[in-house]
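**Q** Any chance you can model this:
(one chain, ligands or ions: 1)
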Amino acid sequence: MNYLSEKFNFERTENKLSKLLQTVKSKSNFLDLTASNPTLIFKYEQDKIRSSLLKNESFTYKPDPQGFVQARIALVNYYKQKGREMVLDNFFFTSGTSEAMSFILKAISNPESEIFLPRPGYPLYDFIFKLENSKSKNYTLYPLITEDPNKLQWRIDFQNLEKNITENTKAIVIVEPHNPTGVRLTLEDAAKLTLLAKSKNLILIIDEVFSDYYSNYYKLNPYSGANCIYLNGLSKTLALPQMKLSWIYLSGEPEFIEQMKEALEIISDTYLSVNTPIQVGLENLLETASNIQEKIKNQIYKNCETIIQKLKDNSSIQFFLPEGGWYMLLKLKNNLDDETFTYRLLKEQFVYVHPGYMFDMPDEGYIVISLLPSKNIMQEGIKRLIDLIKKI
Ligand SMILES: Cc1ncc(COP(=O)(O)O)c(C=O)c1O
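**A** Residues are numbered from 1 along each chain as shown. Have a look, this model is predicted:
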């Protein structure tokens, strides 16, 4: 007897690499180059965070489905200082960006609707779509070599995308800066996508969770001509994923905004999932943004330096510097495939990296690493990676 919904009819057993990880991660010389939980790596302004949350108002329950006004004002001010004007009334708070995506799917998706996700891309969205009974299709981002051998451009395959748009297509998701490639769309592709969305009445859903880790991100908003839903949250902005506060922001034609507000109001009111202390504390919590963001950017910078220094003359592996975000792509040369290599790296060198196939990279040999681990871990991890390449 199967008691579960059909949406669970997918392969759920652990793969070979995850099984191996379970046995290797307790070893004293295990190195995790995927570590990206900032709360285990960085020092925070703890006293300030504590006093932000422990205010008298935190002890009273007065829910607002859209999010507390004072907290939304704090966000408007935060964005203003970054260079983007936002409308107070167009924000909706959620408990995490994943939940924000779920709420949007509840609002816009019918059983036959199709929404485009980028490939390669962040794998969690595939699951969220499954759980929401929403159909996703992929549009392809393909890599283009630039004059700089350590930088890739990722372009949209428009021919394929346009061919696959049907009358059931509702929206296109953009992750910007993109996880894991670390780039934004080129201005040309962004403008083309905006025109396409406008002409076909498609919504652009823009996941901006890494925007604070991209220099001058808010100077530019190439999507403002379309109906857009922006997503962001504290898990990256303040590196506080455990606080579970994210937001949806609506922009575009008044008719679109009104309809979305009506639906989101009902959905938010049904769950009221955002806790009170985080909303009460948001204004003061946002004052910690520059401190933690600087620490993270500094770490990313130092780790990029280490990688440049250790891999720049390596003929067997290439690195691609991200424009933003917390991750870096590496690419094995000489037809080495990522699945075998990452398995051997973990088994023989006790170093864990993500194989590119996890993100549906367009060809074999890609590896994804986090840029958050300490400099010592990064140096030793890259050294062991080079040792394995030499052995192969
Ligand atoms: C691109 C992207 N979007 C969304 C999320 C989920 O964010 P949250 O922790 O706010 O649910 C993540 C988490 O790492 C992410 O990488």
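
**Q** Please parse this protein into its domains.
**A** According to automatic domain parsing, the chain comprises the domains 13-43+290-391, 46-287.

**Q** Just put those in a markdown table and tack on mean pLDDT and mean neighbour count.
**A** No exception for glycine: its C-beta is placed from N, CA and C like everyone else's. Shown next, in a markdown table, are the domains of the chain (pLDDT from 0 to 100; neighbours: other CB atoms under 10 Å):
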| stretch | mean pLDDT | mean neighbour count |
| --- | --- | --- |
| domain 13-43+290-391 | 96 | 17 |
| domain 46-287 | 97 | 18 |
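
**Q** just so I know, which of those domains lies nearest the ligand?
**A** Relative to the ligand, the nearest member of those by CB to the nearest ligand atom is domain 46-287, separated by 3.3 Å.

**Q** re earlier: any chance of the domains of the chain in a markdown table, plus distance to residue 2?
**A** Below are the domains of the chain laid out as a markdown table (distance: least, CB to CB, whole Å):
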| stretch | distance to residue 2 |
| --- | --- |
| domain 13-43+290-391 | 16 |
| domain 46-287 | 16 |
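
**Q** who wins for proximity to residue 7 among the ones you listed?
**A** Nearest to residue 7 among the domains of the chain is domain 46-287; the distance by CB to CB comes to 5.1 Å.

**Q** Contact distance from the ligand - what residues of the stretch 251-392 of the chain qualify?
**A** By the rule CB under 6 Å from any ligand atom, no part of the stretch 251-392 of the chain lies against the ligand.

**Q** Do a quick rundown of the helices in the stretch 251-392 of the chain.
**A** In the stretch 251-392 of the chain, helices defined by DSSP state H, counting those that start in this stretch lie at 254-271, 276-285, 289-311, 338-349, 375-391, listed in chain order.

**Q** who touches the longest one?
**A** This means helix 289-311. 38, 41-45, 78, 150, 212-213, 237-239, 317-319, 321, 326, 328, 330, 371-375, 378-379, 382-383, 386 (CB atoms under 8 Å, 6 or more residues apart in numbering).

**Q** So which of those belong to strands?
**A** 317-319, 328, 330 (DSSP state E).

**Q** export those to JSON lines and tack on distance to residue 12?
**A** What follows is the ones in strands among the contacts of helix 289-311, written out as JSON lines (distance: CB to CB, whole Å):
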{"residue": "317", "distance to residue 12": "33"}
{"residue": "318", "distance to residue 12": "34"}
{"residue": "319", "distance to residue 12": "33"}
{"residue": "328", "distance to residue 12": "29"}
{"residue": "330", "distance to residue 12": "29"}
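
**Q** between these, which is closest to residue 198?
**A** When the ones in strands among the contacts of helix 289-311 are compared for distance to residue 198 (CB to CB), residue 328 wins out at 34.2 Å.

**Q** check contacts around that closest one.
**A** Taking CB under 8 Å, 6+ apart as the test, what residue 328 contacts is 182, 303-304, 307, 319-322, 368-369, 371.

**Q** and which of these is nearest to residue 51?
**A** residue 371 (30.9 Å).

**Q** Next one: that closest one from residue 41, what distance?
**A** 11 Å (CB to CB, to the nearest Å).

**Q** next one: residue 101
**A** Distance from residue 101 to residue 41, by CB to CB: 26 Å.

**Q** Surely residue 353 touches residue 368?
**A** Yes: Residue 353 is in contact with residue 368 according to CB atoms under 8 Å; the separation is 7.0 Å.

**Q** So for those two, which residues contact both of them?
**A** 34, 330.

**Q** In this structure, where's the longest strand?
**A** Longest strand in the chain, counting residues (DSSP E): strand 135-145.
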